[in-house]
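Q: this one's structure only:
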């Protein structure tokens with residue numbers, strides 16, 4: 001997409017700072033279960049496909065587990081950190097047999113352009129696998145935020161991509177074959193504070209350009225009340241992350 005016509009939905013500088021803080025929090029024992037689950041799922045998919053790439057780019061997996069899995073098959077892997085890798089800029093042409101992208105593509109302003117750049121960075125026959133929370137994710141938090149806002153709802157949550165849109169974007173980017181699927185990750189939270197803290201650990205708190213009213217003490221009280229109303233018999237609230245997986249092959 002022409003960069004002059006790309007809407008600025010996400011504050012990329014703010015998002016980069018949050019990715020950086022998230023890595024620091026995870027090094028100190030912060031929550032990483034979403035990215036760990038996505039990395040494990042992708043490793044299983046690659047094993048099932050018996051893919052043995054010579055050159056791979058892994059974006060967003062800071063633990064090195066996925067890179068180690070690929071290295072066992074003599075793959076030369078390059079790791080790029082979220083916030084330090086610009087998905088919206090062209091990369092090296094036809095340089096990789098495999099590109100894996102975790103979390104970050106869900107927070108780019110020009111997703112069509114980012115997918116085109118990813119395709120161009122693949123060698124013929126190369127594979128892209130990207131995973132991030134898609135449509136239907138975090139329904140409990142959305143409900144809590146809406147009820148806390150009361151009569152003045154605000155755009156506190158990120159827009160999300162659904163399966164149909166993702167399939168169309170892969171086709172538009174020129175991938176010869178594409179598959180889009182989702183799977184749920186359900187997490188039980190004992191408190192609203194824990195839920196928000198885990199999102200911070202993943203770098204997934206709000207990074208939108210549009211301003212919203214500040215969170216007040218009264219807002220927090222209403223949010224806590226809403227959270228309490230959603231507790232199940234064990235006292236916890238079940239939140240769901242619908243992980244969207246985009247798989248595309250370059251002809």
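A: Arrived safely. Only a predicted model underlies this, so the values are computations on that prediction, with no experimental measurement involved. Numbering: from 1, shown residues only.
Q: following element in sequence after the helix or strand containing residue 223, please.
A: Assigned by DSSP states H and E, residue 223 falls within helix 217-229. Later in the chain than helix 217-229, the nearest helix or strand by DSSP H and E is strand 237-249.
Q: quick one: mean pLDDT for that next one?
A: If you average the pLDDT over strand 237-249, you get 99.
Q: quick one: that strand to helix 217-229, angle?
A: Taking axes from the mean of the first three to the mean of the last three Cα atoms, to 10 degrees, strand 237-249 and helix 217-229 form an angle of 90 degrees between their directions.
Q: adjacent strands (with direction) for strand 237-249?
A: If you go by DSSP bridges, strand 237-249 pairs up with strand 122-133 (antiparallel), strand 177-189 (antiparallel).
Q: nearest to residue 31, out of those strands?
A: strand 177-189 (9.0 Å; Cβ to Cβ). In this view, the C-beta of every residue, glycine as well, is placed from N, C-alpha and C.
Q: what residues sit buried inside that closest one?
A: Residues of strand 177-189 classed as buried: 178, 180, 182, 185, 187, 189 (neighbour count, 16 or more other Cβ atoms under 10 Å).
Q: could those be laid out in TSV, adding distance to residue 211 and pLDDT?
A: Output for the buried residues of strand 177-189, formatted as TSV (distance: Cβ to Cβ, whole Å; pLDDT from 0 to 100):
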residue	distance to residue 211	pLDDT
178	36	97
180	33	98
182	31	98
185	31	99
187	29	99
189	28	99
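Q: ok, and the closest non-adjacent residue to residue 132?
A: residue 106 (3.3 Å; Cβ to Cβ, 6 or more residues apart in numbering).
Q: contacts only, for the one you found.
A: Contacts for residue 106 were tallied using Cβ atoms under 8 Å, 6 or more residues apart in numbering; they are 132, 133, 134, 158, 160, 161, 244.
Q: output these in a markdown table, with neighbour count and distance to residue 102 appended to each entry.
A: Shown next, in a markdown table, are the contacts of residue 106 (neighbours: other Cβ atoms under 10 Å; distance: Cβ to Cβ, whole Å):
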| residue | neighbour count | distance to residue 102 |
| --- | --- | --- |
| 132 | 26 | 7 |
| 133 | 24 | 11 |
| 134 | 21 | 13 |
| 158 | 18 | 16 |
| 160 | 17 | 16 |
| 161 | 18 | 15 |
| 244 | 25 | 12 |
